[in-house]
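[1] Provided below are the primary sequence and the corresponding predicted coordinates.
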Amino acid sequence: MKMPINRPYFRLGLRIAASTSLIVTGILFLVTILTVPYPLSILIPAIGGAATFISVYIITVRLMVNRIARAVTTLRGFQQKLFDEEKEPATVPRDELDDIYSELLKTSFTIEKEIHRLNRIENYRKEFIGDISHELKTPIFAIQGFIETLLDGALEDETVNREFLRKAMRNVNRLIGLIRNLMDISRLESGDMKPEKQVFLLFDVIQEVIESLQLKAGQEQVSLHFDDLDRNLKVNADRNQIRQVFINLIENAIKYNRAGGSIHIGLKPFIRSDPKVTVYVRDTGIGIEPRDLRRVTERFFRVDKSRSREKGGTGLGLAIVKHILESHDEELTIESKPREGSTFSFTLSNAERVLG
Ligand SMILES: Nc1ncnc2c1ncn2[C@@H]1O[C@H](COP(=O)(O)OP(=O)(O)O)[C@@H](O)[C@H]1O
Ligand SMILES: [Mg+2]
C-alpha cells in the first residue's frame, strides 16, 4: 500500500540522522585532532559525519516511513469516518511500530462498530417517534373536532351534546391506553423492565385476568372457558408481566372474535418432569391471514386499523407480549386460520419440575 505522507522529506529521519551524525562527527574530531595531522583531522570527521547522516537517514526511512504513513492515513480516515479495510497487519509484530499500527486497527474496528450501533439506535428512535406522533394525532384531532363542534353550538343541543362528550372521553381513554403501552414498550425495549421471577400458581393469575375481562367479553357476546388446567401448577416467572401477557392475548381474543364466539384457555399436555409447560389462548374469531401472521407482533402493526381503533387498540399489545416472553426466554407461537380462529400459545418454566 503506497501512502503519501504529504512531506517532501521524512523529518523524523532527518532529525535522527542529524543528531547521530553530530555525535559521530564530534567523537571522530576529538580522536583525529590528537592523532592525525591537518587537513585529515578535519576531513575524516566531515566524511564520517556525512556518511553516518546518509546511512542513518536511509535506515530510518526504510524502517519507519511506510508504517508511520499508514498510521497517519488510518487516523486521517477517522476524521472522515472512513475505516481501514485491512483489519489486522499480516505479519507478526516485529517492533513497537507494528504494535501501534495493530492497536490503531483494533481501535478503528471498535469505532466503526460503535458508529453502526449508534446509527441503528438513532434510526430506531426516529421511526419510533414518527409512529408515536402518528398514533397520537388521530385521537387528539378527534377530541379537538368534538370540542369545536360543542363550542360552535352543539353544547346547547340536548340530543348531541352528551354523545359528543362521550366520544371525546373515549378518545381520551385511548390516549391514556396508548401512553401506558408506550411507557411499557419503551422500558421493555431499552431493557429497563427486567423480569423479577418468582414461583406462583398459574391458575390464580389466569382466573384474575378472566374475572377482570368478563364484562368486556359479555359486551361482545363472547364466552370465556377454562380447559383442563391443573390448579396446583406453579410456574417461575414475573407474575405481573405474565398477567399482562394474558390480558393482552385475551383482550385480543375478545376484540377479534364474533358475536357468539368463544375463548378457551388451557395447558397443553405435559408431565411433571417437563422443564416447560405450554399455555394457550384459543379463539373462534376472525383469524389472521398467513401473510400477516409474522407481522402481528411488530409495533403498531394492525391487520385492520379501523377495527383495532374502534375497539380501543393501540397496535402495541402483541409487541409487548413478544418482548415480555423474550426477556423470559420463553417462546410465543401463533397459529391461525382466517375466519375460523387463532391460537396464541407460549411456554412457561415449570416450577414443580421433578428432577432425576
Ligand atoms: N386473536 C386475534 N385474532 C385475530 N387477529 C388478531 C388477534 N390478535 C391480534 N390480532 C391482529 O394483530 C394486530 C396486532 O395486535 P395488537 O398488537 O394486540 O394490537 P391491537 O389489539 O391494539 O390492534 C391486531 O390489530 C389484529 O389485527
Ligand atoms: Mg391488542
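    Looks like it came in fine. Ligands and ions are numbered 1, 2, ... in the order given.
[2] now the one helix or strand in the chain whose mean pLDDT sits lowest: how far from the chain's centre is it?
    Averaged element by element with mean pLDDT, DSSP states H and E, the chain has its least confident helix or strand at helix 305-310 (a mean of 82). Using C-alpha atoms, centre = their mean, to the nearest Å, the distance from the centre of helix 305-310 to the centre of the chain it belongs to is 28 Å.
[3] quick one: buried residues of that helix?
    Judged by neighbour count (16 or more other C-beta atoms under 10 Å), helix 305-310 contains these buried residues: 308-309. Quick note: C-beta positions are derived from backbone N, CA and C, even for glycine.
[4] Work out the gap between the helix or strand following it and the centre of the chain.
    Later in the chain than helix 305-310, the nearest helix or strand by DSSP states H and E is helix 317-327. Counting by C-alpha atoms, centre = their mean, helix 317-327 is centred 14 Å from the centre of its parent chain.
[5] Identify all contacting residues around helix 317-327.
    181, 184-185, 188-189, 191, 193-195, 238, 241-242, 244-245, 248-249, 251-252, 296-300, 331-332, 344, 346 (C-beta atoms under 8 Å, 6 or more residues apart in numbering).
[6] now do 6 Å
    By C-beta atoms under 6 Å, 6 or more residues apart in numbering, the residues outside helix 317-327 that reach it are 184-185, 188, 195, 241, 245, 248, 296-297, 299, 332, 346.
[7] Farthest pair within those residues?
    Pro195 and Val296 (22.5 Å; C-beta to C-beta).
[8] quick one on the thing from earlier: ok, is the least confident helix or strand of the chain in contact with ligand 2 or not?
    No: applying C-beta under 5 Å from the ion, one finds helix 305-310 out of contact with ligand 2, separated by at least 7.3 Å.
[9] Show me which residues of this structure are close to ligand 2?
    252, 313, 317.
[10] now do 8 Å
    248, 251-252, 255, 308, 313-318 (C-beta under 8 Å from the ion).
[11] so which of those residues comes closest to Gln214?
    For these, the nearest to Gln214 is Glu251 (12.2 Å; C-beta to C-beta).
[12] Check the closest one and give its pLDDT.
    Glu251 carries a pLDDT value of 96.
[13] circling back: can you select the buried ones among the residues of the chain next to ligand 2 for me in PyMOL?
    A single PyMOL command selects the buried members of the residues of the chain next to ligand 2 (16+ other C-beta under 10 Å):
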select buried, resi 248+251+252+255+308+313+314+315+316+317+318
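[14] Put together a markdown table for the residues of the chain next to ligand 2, with distance to ligand 1 on each row.
    As requested, those are arranged in a markdown table below (distance: C-beta to the nearest ligand atom, whole Å):
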| residue | distance to ligand 1 |
| --- | --- |
| Asn248 | 6 |
| Glu251 | 7 |
| Asn252 | 3 |
| Lys255 | 6 |
| Ser308 | 3 |
| Gly313 | 3 |
| Thr314 | 5 |
| Gly315 | 4 |
| Leu316 | 6 |
| Gly317 | 3 |
| Leu318 | 3 |
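[15] And the helices in the chain?
    Using DSSP state H, the helices of the chain run over residues 11-35, 40-60, 66-79, 96-151, 158-189, 202-219, 239-255, 290-293, 305-310, 317-327.
[16] coming back round to it: of the contacts of helix 317-327, closest to ligand 1?
    Closest approach to ligand 1 among the contacts of helix 317-327 (C-beta to the nearest ligand atom): Val296, at 3.7 Å.
[17] ok, now how distant is the nearest residue to that closest one once chain neighbours are set aside from Gly312?
    Closest residue to Val296 apart from its sequence neighbours, by C-beta to C-beta, 6 or more residues apart in numbering: Leu318 at 5.3 Å. From Leu318 across to Gly312, the span is 15 Å (C-beta to C-beta, to the nearest Å).
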